[in-house]
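# quick one, fold the following:
(chains A and B)
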Amino acid sequence: MRCERIHEELPAYLDGALSERARQRVERHLSECEACRRESRALQRTVELLRPLGGQSIPKDVTALVMARLPASEAPGRAMWRPRPVLLVPAMLAVAAALSLSLSGLVPSRHRANAEAPRTVYLREYAQFRASQEVGDSTGLFLLASEMVREAQ
Amino acid sequence: MIHPRAPAAVDESNAQGDVAGALTDDALVARARAGDRDAFALLVTRYQDRVYSITRAFVREPDDALDLVQDTFVKAFQGLPRFRGGSSFYTWLYRIAVNNCKDFLRRRAVRPSVSLEEELLQDAGFEPASHDPHADPAGMAERVELCAAVQAAVATLPEKLRLAIILHDIEGVPQRDVAEILKCPVGTVKSHVFRGRRQLRKLLGDYVGDKD
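I've put the predicted structure just below:
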């Protein structure tokens, strides 16, 4: 009967989740009972066998497949304002000019004196990501342009 | 369209003031909610391995798992307006993945009953561990078979125990996050993990017992 109770406590014991008093009780029993020591080792081995089952890598990148399956509406769950191309072109030109000036040092930037701001890094990584994509959806470009304008100011 | 492989996972706890923090899940989720599909694509790329791994713990067929991974992300996208940020994105996403897998298994009704445990272990190509002292228990073939046996044993667990074991012991999700994913108290997760381990130990019998 006592062994059964110890068996019930073994998982928590092996996880270090028992109270000090309970831990001492289990350890005292284990020091006297070979059967429970075997059970403890078996339980430990069971847990060790589980972890290698995890952490599997997906055999192929499904990002494009997922994106192709998304609903057609612009934003999830609601419609979103979409910039008209007639507005987009001047905005992009303004962004390009502002960014060019900012990067060349002609326009003061609040970030330049310090280490590169995280947001700047984000924008650059985002721009690199966009550059690797086919240009189709102009909304993302417009948002990026808007961010760049704010960043350059 | 070719997307870049997953960027390194962002540790949200270290995100504040960190350069890597510029690409936090929160930032990407905010953009995705605003309609930025590229931001959502980055989230997919970032989490597809982990969602796949969890899914494979439920579903044996890789093709089924790949379909379920896609379903999970599509549902996540559709559910973004309801994601309020009360929990981390990844626990929210894992919850969708887990529910998706549960629905799939219910539809397929593939979960065998515990009474089939021995048959299932035999189906996995696994014979009881040899007590022959000349046997080589560390052999690669045996380890592969052992993995199959453990997977089969996990599949026989009652659902609540199985979920806790898969998320915590197999995927290494902290118990407090498992509680968030499964929407139950941490104490319940602990109890399910411990009971699941004990049942697994019984199911695996001599496979995890001493060889002498």
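
# off-centre distance for stretch B:169-176?
9 Å (C-alpha atoms, centre = their mean, to the nearest Å).

# how about stretch B:161-173?
That offset, for stretch B:161-173, works out to 7 Å (C-alpha atoms, centre = their mean).

# same question, stretch B:185-199
From the chain centre to the centre of stretch B:185-199 is a distance of 16 Å (C-alpha atoms, centre = their mean).

# quick one: that stretch near chain A?
Yes - counting by C-beta under 8 Å from any C-beta of the partner chain, chain A is contacted by stretch B:185-199 at B:Lys190, B:Val193, B:Phe194, B:Arg195, B:Arg197, B:Arg198. Heads up, the C-betas are built off the backbone N, CA and C, glycines and all.

# what's the closest of those residues to chain A?
Chain A lies nearest to B:Phe194 out of the residues of stretch B:185-199 next to chain A, by C-beta to the nearest C-beta, at 3.6 Å.

# now do the SS call for that closest one.
With DSSP: H, G, I helix; E, B strand; the rest coil as the basis, B:Phe194 sits in helix.

# quick check, it in contact with A:His7.
No - using C-beta atoms under 8 Å, B:Phe194 is not in contact with A:His7, being 10.9 Å away.

# quick one, domains of chain B?
The record's domain split for chain B, according to automatic domain parsing, is B:1-110, B:112-212.

# and the pLDDT for B:Arg143?
If you check B:Arg143, the pLDDT there is 70.

# helices or strands up against the helix or strand hosting it?
Per DSSP states H and E: B:Arg143 is located in helix B:140-156. Applying 3 or more C-beta pairs under 8 Å, 6 or more residues apart in numbering or on different chains; DSSP states H and E, we find helix B:140-156 packed against helix A:34-50, helix B:117-123, helix B:186-204.

# any chance of the domains of chain B in TSV, plus mean neighbour count?
Converted to TSV, these look like this (neighbours: other C-beta atoms under 10 Å in any protein chain shown):
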stretch	mean neighbour count
domain B:1-110	18
domain B:112-212	17
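
# what's the offset of the helix holding B:Arg143 from the middle of its chain?
Distance of helix B:140-156 from the chain centroid (C-alpha atoms, centre = their mean) equals 16 Å.

# ok so, going back, which one of the domains of chain B has the lowest average pLDDT?
Among the domains of chain B, domain B:112-212 scores lowest, at a mean of 77.

# which other residues reach stretch A:9-19?
A:22-23, A:26, A:36, A:39-40, A:43-44, A:47, B:190, B:193-195, B:197-198 (C-beta atoms under 8 Å, 6 or more residues apart in numbering or on different chains).

# again with stretch A:54-71
Taking C-beta under 8 Å, 6+ apart as the rule, stretch A:54-71 contacts B:1-3, B:5, B:37, B:40-41, B:44-45, B:48-49, B:51-53, B:56-57, B:62, B:66, B:69-70, B:73-74, B:77-78, B:170-172.

# quick check on A:Lys60: phi, psi?
Dihedral angles of A:Lys60 (phi, psi; degrees, to the nearest 10) stand at phi -150, psi 150.

# so which of the helices and strands packed on helix B:140-156 gets nearest B:Tyr90?
Among the helices and strands packed on helix B:140-156, helix B:186-204 comes nearest to B:Tyr90, with 16.4 Å by C-beta to C-beta.

# packing partners of the closest one?
On a contact count with 3+ C-beta pairs under 8 Å, 6+ apart, helix B:186-204 meets helix A:2-14, helix A:34-50, helix B:140-156, helix B:159-164, helix B:175-182.

# could the ones you listed be laid out in a markdown table, adding distance to B:Asp25?
Conversion of the helices and strands packed on helix B:186-204 to a markdown table gives the following (distance: least, C-beta to C-beta, whole Å):
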| stretch | distance to B:Asp25 |
| --- | --- |
| helix A:2-14 | 32 |
| helix A:34-50 | 27 |
| helix B:140-156 | 29 |
| helix B:159-164 | 23 |
| helix B:175-182 | 13 |
